[in-house]
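K.L.:
pasting a predicted model and its sequence here:
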Amino acid sequence: MAIIKRIITKIYLRFCSKEKYIEFLRREGAIIGTGCDIHKDVRLGDEAFLIKIGNNTRITSGVRLIPHDGGLWTLRKMGVLPDADYFAPIVIGDNVHIGNDTIIMPGVTIGNNVVVGCAAVVTHDLPDNVVAAGVPARVIESIDVYADKSKSRCDNTKHMNPQQKREYYQRKFAMRRSDDDKKGSTTLQ
């Protein structure tokens, strides 16, 4: 019966909305604030009850929150620590963006107003108001420096619908489709 329940749950999670996925994570014990955007392939493992996520936080595709040390398996099998487990909470603050495929390890606290770059491995706490990236993740600049750099390179297109945005960027980068390109690839002009 447990196997059937797991299969039904996997099917449900595949087709449910992001909002329903967040509700599911809450039922599993995660504490999740309001205004969050959590992609449906984010994994909290079996220890969702050790995860706390603040308000207005975005966790993108492929992110893994791992509140346990799986490496102890080797020590258990060696007989060194036959009954050892290590679990520690993961706490993510308010207004945080966690980039695709990031891994957050046990015991990590991420402050407020933080950007974590794609594919980072976060092994230690990150303070408020920083941008961090890398393996292992390290602070690379303050959020203020990131904001200043972003002002000069950004376009104000967030309000546009997908077609308007596409046309804007095709014009900006002078991109158009080749008439003889049957595969639909794009050429620069």
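P.N.:
All right, it came through fine.
K.L.:
CA only for contacts and neighbour counts going forward, please
P.N.:
Noted.
K.L.:
what number of residues lie near the nearest residue to residue 136 once chain neighbours are set aside?
P.N.:
Leaving aside its sequence neighbours, residue 136 sits nearest to residue 121 (CA to CA, 6 or more residues apart in numbering; 5.0 Å). Residue 121: 22 surrounding residues under other CA atoms under 10 Å.
K.L.:
and residue 7, by the same measure?
P.N.:
11.
K.L.:
wasn't it part of a helix?
P.N.:
Yes - counting by DSSP: H, G, I helix; E, B strand; the rest coil, residue 7 is found in a helix.
K.L.:
and the gap between residue 19 and residue 5?
P.N.:
Separation of residue 19 from residue 5 (CA to CA, to the nearest Å): 21 Å.
K.L.:
who's more crowded, these two?
P.N.:
Counted by other CA under 10 Å, residue 19 and residue 5 do not tie: residue 19 has more neighbours, with 14 against 10.
K.L.:
how about the secondary structure of the more buried one?
P.N.:
Assignment for residue 19 (three-state DSSP): helix.
K.L.:
show me the shaky parts of the protein.
P.N.:
176-189 (pLDDT under 70).
K.L.:
if I look at residue 170, how far off is residue 153?
P.N.:
Taken as CA to CA, the span from residue 170 to residue 153 is 16 Å.
K.L.:
got a list of what residue 103 touches?
P.N.:
63-66, 119-122 (CA atoms under 8 Å, 6 or more residues apart in numbering).
K.L.:
what do you get for residue 111?
P.N.:
92-94, 96, 125-129.
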